Structure formats: C-alpha cells, structure tokens
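Trainee: Just need the structure, nothing else, for what follows:
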Amino acid sequence: MEDRIKVREIAFQIPHPDPDQARTALESVTAIDGVLEAIHHGPQLLVVHYDVRYITLEELEGLCQEFGLHLDNSLLYRLKRALYHYTEETQRANLAGCDKGQHNCTEHAFIVTYQRHRHGRRDERPEYLRNYL
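Mentor: Numbers count the residues shown, from 1 in each chain. Below is the predicted model:
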C-alpha cells in the first residue's frame, strides 16, 4: 500500500437513537471521491480506506457528524484522531507542491521560488550605508 492510502477506524458512541450508526455512515461515505473502501465492523465501528490527496479523516468525521452520528469521544480515540488529523494535514501540505502528472517537483519548487523572489538590486541596505562596509 502506498503512503497516501490510509486505513482508519471510525468508532461511534453506543447510546444513540440509531442502533447501527456504522451502517448509516457506510451508506453515506462510500459515495465520496477518494474513499476506496468502507467496511462495516459491527454496529459501532467502520473501517475506511481512502486516499489522503482527496479526503482526510477529519473531513470524513465531519461528514458523519453532519448526519447526526456521534463519534466515540473516549480519551484513546480522541488522541488517535488528533494524531491522525495532524499527520494527514502535514502530509497533504507536503503533497500540495506537486500537481497531478507533474514529474519534477523539485524543479517546480525552484521555479516558483524564483518567480516570487524580488528581482533587481539584491542589497537591502540603503545606498548611504553601503559605502561603510
């Protein structure tokens, strides 16, 4: 599996009017771009395979919450989610430098840096201070 393909668990709280929250989430999540597979593991657990270039765990969880589903907020799951959110956000930021189909990202980075650089005189000091050094 490539590094950008993630496999994450989404756990739901037990006391909820919908007894099978994972199945409800499964039905809504499978239609999203970037979600490769979603597997129902019992009424409170959903395992999702997705491509981080298109969607993150944070976005998937936000979608589940919009549908009225309650995520498990135990300490362990909150810590896991915080770590996953941070790593996926960082990975996405690192991947953003290259567009799809672009072969030489390093060259692209140098071109963009060169285009953003202020050209002309390179010495930032005023003219009257240059004579003293």
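
Trainee: Helices along the protein, start to end?
Mentor: Secondary structure of the chain (DSSP state H): helices located at 21-29, 57-66, 75-95, 105-116, 127-130.

Trainee: Which one of those lies nearest to Leu45?
Mentor: helix 21-29 (5.7 Å; C-beta to C-beta). Where you see a C-beta, it was placed from the backbone N, CA and C, and this is true even at glycine.

Trainee: what's the most buried one of the helices of the chain?
Mentor: By mean neighbour count, with neighbours taken as mean count of other C-beta atoms under 10 Å, helix 21-29 ranks first of the helices of the chain at a mean of 19.

Trainee: Show me what it packs onto, helices and strands only.
Mentor: For helix 21-29, the helices and strands in contact under the criterion 3 or more C-beta pairs under 8 Å, 6 or more residues apart in numbering; DSSP states H and E are strand 35-40, strand 45-51, helix 57-66.

Trainee: could you give the angle of that helix to strand 45-51?
Mentor: Inter-element angle recorded for helix 21-29 and strand 45-51: 20 degrees (by axes from the mean of the first three to the mean of the last three C-alpha atoms, to 10 degrees).

Trainee: What mean pLDDT does helix 21-29 get?
Mentor: Mean per-residue pLDDT for helix 21-29: 86.

Trainee: Touching it from outside, list them.
Mentor: 10, 12-13, 18, 35, 38-46, 48, 60, 63-64, 67, 69-70 (C-beta atoms under 8 Å, 6 or more residues apart in numbering).

Trainee: And the helices of the chain: which comes nearest Arg4?
Mentor: Among the helices of the chain, helix 75-95 sits nearest to Arg4 (C-beta to C-beta), with 7.1 Å.

Trainee: export the closest one as PDB, just CAs?
Mentor: The C-alpha trace of helix 75-95 is given here as PDB (Å, rounded to 0.1, in the frame of the first residue of the first chain):
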ATOM      1  CA  LEU A  75      -9.600   9.500  25.600                       C
ATOM      2  CA  LEU A  76      -7.900   6.900  23.400                       C
ATOM      3  CA  TYR A  77     -10.000   7.700  20.300                       C
ATOM      4  CA  ARG A  78      -9.500  11.500  20.800                       C
ATOM      5  CA  LEU A  79      -5.700  11.000  21.000                       C
ATOM      6  CA  LYS A  80      -5.700   8.800  17.900                       C
ATOM      7  CA  ARG A  81      -7.900  11.300  16.000                       C
ATOM      8  CA  ALA A  82      -5.700  14.200  16.900                       C
ATOM      9  CA  LEU A  83      -2.600  12.400  15.800                       C
ATOM     10  CA  TYR A  84      -4.200  11.300  12.500                       C
ATOM     11  CA  HIS A  85      -5.500  14.800  11.800                       C
ATOM     12  CA  TYR A  86      -2.100  16.300  12.300                       C
ATOM     13  CA  THR A  87      -0.200  13.800  10.200                       C
ATOM     14  CA  GLU A  88      -2.700  13.900   7.400                       C
ATOM     15  CA  GLU A  89      -2.800  17.700   7.300                       C
ATOM     16  CA  THR A  90       1.000  17.700   7.200                       C
ATOM     17  CA  GLN A  91       1.100  15.100   4.500                       C
ATOM     18  CA  ARG A  92      -1.400  17.000   2.400                       C
ATOM     19  CA  ALA A  93       0.600  20.200   2.800                       C
ATOM     20  CA  ASN A  94       3.700  18.400   1.600                       C
ATOM     21  CA  LEU A  95       1.900  16.800  -1.400                       C
END
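
Trainee: Right, I'll leave it there.
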